[in-house]
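A.B. asks: Whatever this is, show me its structure:
(chains A and B)
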Protein chains: 2
Amino acid sequence: MRQYHPVTYEVVKALQAVVGEKYVKTDADTLDKYKLDENLDPTFWRLPEVVVSAGSTEEVAKVMQIANQYGVPVTPRSAGTSVSCGAIPTYHGIVLLLERMNQIREINEEGMYMVVEAGVRTIDIQNLAHEKGLMYAGDPCSSDSCLIGGNLATNAGGNKAVRYGTTRHQVYSVEVVLPNGKVTTLGATLKKCSTGFCLDQLIIGSEGTLGIITKATLKLVPLAPYKLDVLAVFTDLAKATALVPKLVKAGLNPTSVEFMDNNFVRSASDYSDLKLPHYEDGCYDIVSIETFNEDELDDKMEKLSAICEECGATDVLEADDRVWQVRRNCLESTRSLSEVQTSEDLVVPVTKIAACIQALVKESEQYDFRVFCLAHAGDGNLHFQILKCDMSDAEWERQLEEFRHTAYRYVYDLGGRLSGEHGIGMKRVCYMEEYTDPVEMELMKTIKGAMDPNWILNPGKVFNPVEKQ
Amino acid sequence: MRQYHPVTYEVVKALQAVVGEKYVKTDADTLDKYKLDENLDPTFWRLPEVVVSAGSTEEVAKVMQIANQYGVPVTPRSAGTSVSCGAIPTYHGIVLLLERMNQIREINEEGMYMVVEAGVRTIDIQNLAHEKGLMYAGDPCSSDSCLIGGNLATNAGGNKAVRYGTTRHQVYSVEVVLPNGKVTTLGATLKKCSTGFCLDQLIIGSEGTLGIITKATLKLVPLAPYKLDVLAVFTDLAKATALVPKLVKAGLNPTSVEFMDNNFVRSASDYSDLKLPHYEDGCYDIVSIETFNEDELDDKMEKLSAICEECGATDVLEADDRVWQVRRNCLESTRSLSEVQTSEDLVVPVTKIAACIQALVKESEQYDFRVFCLAHAGDGNLHFQILKCDMSDAEWERQLEEFRHTAYRYVYDLGGRLSGEHGIGMKRVCYMEEYTDPVEMELMKTIKGAMDPNWILNPGKVFNPVEKQ
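C.D. replies: Below you'll find the model as predicted:
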């Protein structure tokens, strides 16, 4: 394991000189607060040595310069909503908060873009765009609590990715503090460009290992005036999942296609205190369609209903807010069922999502844990919530490991990957090292090593640091 | 200037052992043929020392291994349709042809993708997709002669980029031979992914400096059944260009918005032997609209006509194939007017395209050369064809340099860039070094140096090689 320099008194003094004393915390309560994120498995928790809150890009740059000078690792932290231990300081050192950099600098309706600092809440971006009759299409499920910097770092997905793509598709440019403490802006507010390397996309989704995004220019799109959400209820999981590739093929261009298995239908209905149809035996597909033309909406609704019926839907209803409330409460609703649980975020080609859900649900039945399945099905992204319930620690570890190996091998054989939207973080590093093509992995580490020769920026995320030469 | 090892008899023998004798050419005629591409300025021409034609990814990999072993530079070459000297062997050495790797490996209608080798002609990809009721949306103007490998290397743009994006947006994954001769596949056939760095997008558009793309999985999209092309004629350049941002703002989501000034209207009409309206004084905007719904097309056409009239169009007509023929013949049509000419490929934010065309056309009137203007206006991409006509060489050089500096400074001040779709190649390296933010440039060179420590893959493109330490 790579060794780093401890945060000495001298380092703390240097940090205080940059951001001011009140933004440098070393008290036990603060350190304890930042040892974790929304991944609740204590085996991953690591205490920082100091927590620094930066107020500007220049301060972030100076913190990186100090970190390089002393050889101290830096873990940038957004709202800490990662479920992949993306915000945990694996090698201790500095946790660097961006939350004070929370200004929306500009909204340009004519040019349809918004300039935001890293610490702006995603929902505030969505709301401001909406007020102007526009839309910011990035829409992670945690949008009311997460910050845009974290969305950019992990290339967050969410509810609208089927039609609009993920966070990386919503970006014109990013201002970045590089691991060496230099600042640059990558990308530009252009529809096309063939002027040098596409470095903006390299930084986006690198989980804060290649640079700290301090500001971004985000694309806005016209707000579609016509919208309808449909709930298709199935009493057969195979039929419910088989709907997905048919929808995509039909050219309906849906905004979302969400799938919930009956485990989630029950637990989230109970949690929300709502009774929805086929509580006892229903699997749900929720499909959202948006259009700019009323006839087109009618036309698509007709096609959608026909496809749902063809696929054997038991009920096809308009999905009102109760349905979305149940959908939103899925994860929360499992908390009371098992204190220990873990989640998977697998992604496969959309044409394989039906087969994949069916195969992995069947596989999971061999184990003692409970598996709840939820999918952003329209983009092939599958969430398994795995509940330990009353298993022993040893059995839990053993069976989980076995299930993961079977599932991951199967997903990679389908052309899939470990993470669709949550990122690798610290949680999946060992699997990333195992399942990634060695040439690709070597290339990632070559680029990381070249950009961050001291490996001080967020080490231990995405992959293991290379040992010191 | 960086020094490389010459191609010795030993190197030629080693190359022959890999690809076979008949695919290694050192005769004067062959070398002469590959000293240039479609940039016709002889000051850029450079003779290769050997021309090698690879038949497989394995052969490309072995050629790179030999090049590293001996320290010989390699210039990968697609169809040689670059107008930016992208295929010229700046430092001599090996020209590596990919044209034998010309198989379409798979078309998957269900999954809507196509797997192609680097040497497949772009038009063959478009046609095959079309036969299956699908569309490959990459559409450079040279699609009937260029190869997909070159499109990927330069992130080619073209006629449909307004709606569908450029070549980089049409790609699921690329098989790449890295500068060190190792082979990997970057990206995956997935709608979303958060599993490691976005290396596919780093390679795409790097103009063959970071890797040689040997195979790609391309996205296909549903073919829109309703389509109409409109020609809006203006007798006032300011009014013609002012239409563009209005169109974008109206949410019409056009497939193309092309602009031609009256110089091009005249020369291309003459060349095509076609008489189109307002030959004497017309500027043209050609707008294509595609929809999946007939009502939607009618609706959009109504809006489009209204906007054209509002903007002061003299005539609004359906654009038939004659209009597109004139558009396609623009560049060819200037050949007879001046033997020496050069082109610019500037790109600015779409909201700035009207002001930019007006300002630069006005600026150009101060010089003795003739400037013809053509724009993929809907994506802010502006082509200036600059004709030397009967200027002296010295005046041409002097005035061109002066115009470029004024134009580039102006474009960068608008947030624009040197190249929208043709790439930097060898032609624009000095300007790239001058106008790029130094931190960004250093980062590009850091990544290049890490991935290609001997700087043997396509050196002298995009930027100057770093001197040997």
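A.B. asks: Which helix or strand in chain A has the lowest average pLDDT?
C.D. replies: Here the helix or strand of chain A ranked lowest by mean pLDDT, DSSP states H and E is helix A:237-249, holding a mean of 86.
A.B. asks: and for that one, what are the contacting residues?
C.D. replies: For helix A:237-249, contacts defined as C-beta atoms under 8 Å, 6 or more residues apart in numbering or on different chains pick out A:232, A:234, A:254, A:257, A:259, A:261-262, A:283-285, A:287, A:304, A:307-308, A:310-313, A:350-351, A:353-354, A:357-358, A:361, A:377-378, B:110. Every residue, glycine included, has its C-beta placed from N, CA and C.
A.B. asks: For that helix, buried residues please.
C.D. replies: Residues of helix A:237-249 classed as buried by neighbour count (16 or more other C-beta atoms under 10 Å in any protein chain shown): A:Leu237, A:Lys239, A:Ala240, A:Thr241, A:Ala242, A:Leu243, A:Val244, A:Pro245, A:Leu247, A:Val248, A:Lys249.
A.B. asks: continuing past that helix, what's the next helix or strand?
C.D. replies: strand A:256-260 (DSSP states H and E).
A.B. asks: and the angle for that next one with helix A:237-249?
C.D. replies: Computed by axes from the mean of the first three to the mean of the last three C-alpha atoms, to 10 degrees, the angle separating strand A:256-260 from helix A:237-249 equals 170 degrees.
A.B. asks: Pull the least confident helix or strand of chain A out as PDB, backbone CA atoms only.
C.D. replies: This file holds the C-alpha atoms of helix A:237-249, laid out as PDB (Å, rounded to 0.1, in the frame of the first residue of the first chain):
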ATOM      1  CA  LEU A 237     -41.200 -10.500 -14.300                       C
ATOM      2  CA  ALA A 238     -40.200 -12.000 -17.700                       C
ATOM      3  CA  LYS A 239     -42.900 -10.200 -19.500                       C
ATOM      4  CA  ALA A 240     -42.300  -6.900 -17.600                       C
ATOM      5  CA  THR A 241     -38.600  -6.900 -18.600                       C
ATOM      6  CA  ALA A 242     -39.300  -8.000 -22.200                       C
ATOM      7  CA  LEU A 243     -41.200  -4.800 -22.800                       C
ATOM      8  CA  VAL A 244     -38.000  -2.700 -22.600                       C
ATOM      9  CA  PRO A 245     -36.200  -3.600 -25.900                       C
ATOM     10  CA  LYS A 246     -39.600  -3.400 -27.700                       C
ATOM     11  CA  LEU A 247     -40.100   0.100 -26.500                       C
ATOM     12  CA  VAL A 248     -36.700   1.200 -27.600                       C
ATOM     13  CA  LYS A 249     -37.000  -0.400 -31.000                       C
END
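A.B. asks: before we move on, back to that, of the contacts of helix A:237-249, keep whichever come out buried.
C.D. replies: A:232, A:234, A:254, A:257, A:259, A:261-262, A:283-285, A:287, A:304, A:307-308, A:311, A:313, A:350-351, A:353-354, A:357, A:361, A:377-378.
A.B. asks: Report the separation between A:Trp396 and A:Phe372.
C.D. replies: Per C-beta to C-beta, to the nearest Å, A:Trp396 is found 16 Å from A:Phe372.
A.B. asks: same check, this time on A:Ile94
C.D. replies: Plainly put, A:Ile94 is 37 Å away from A:Phe372 if you go by C-beta to C-beta.
A.B. asks: and if you look at A:Arg404?
C.D. replies: 16 Å.
A.B. asks: Of those two, which one has the most company?
C.D. replies: A side-by-side neighbour count of A:Arg404 and A:Phe372, using other C-beta atoms under 10 Å in any protein chain shown, places A:Phe372 first with 27 against 17.
A.B. asks: Pull up the pairing partners for the helix or strand hosting that one, direction included.
C.D. replies: Under the criterion of DSSP H and E, A:Phe372 resides in strand A:370-376. According to DSSP bridges, strand A:370-376 forms sheet pairs with strand A:256-260 (antiparallel), strand A:381-387 (antiparallel).
A.B. asks: Please list the members of the contacts of helix A:237-249 that lie in helices.
C.D. replies: Judged by DSSP state H, those include A:Asn262, A:Leu304, A:Ile307, A:Cys308, A:Glu310, A:Ile353, A:Ala354, A:Ile357, A:Gln358, A:Val361 as members of helices.
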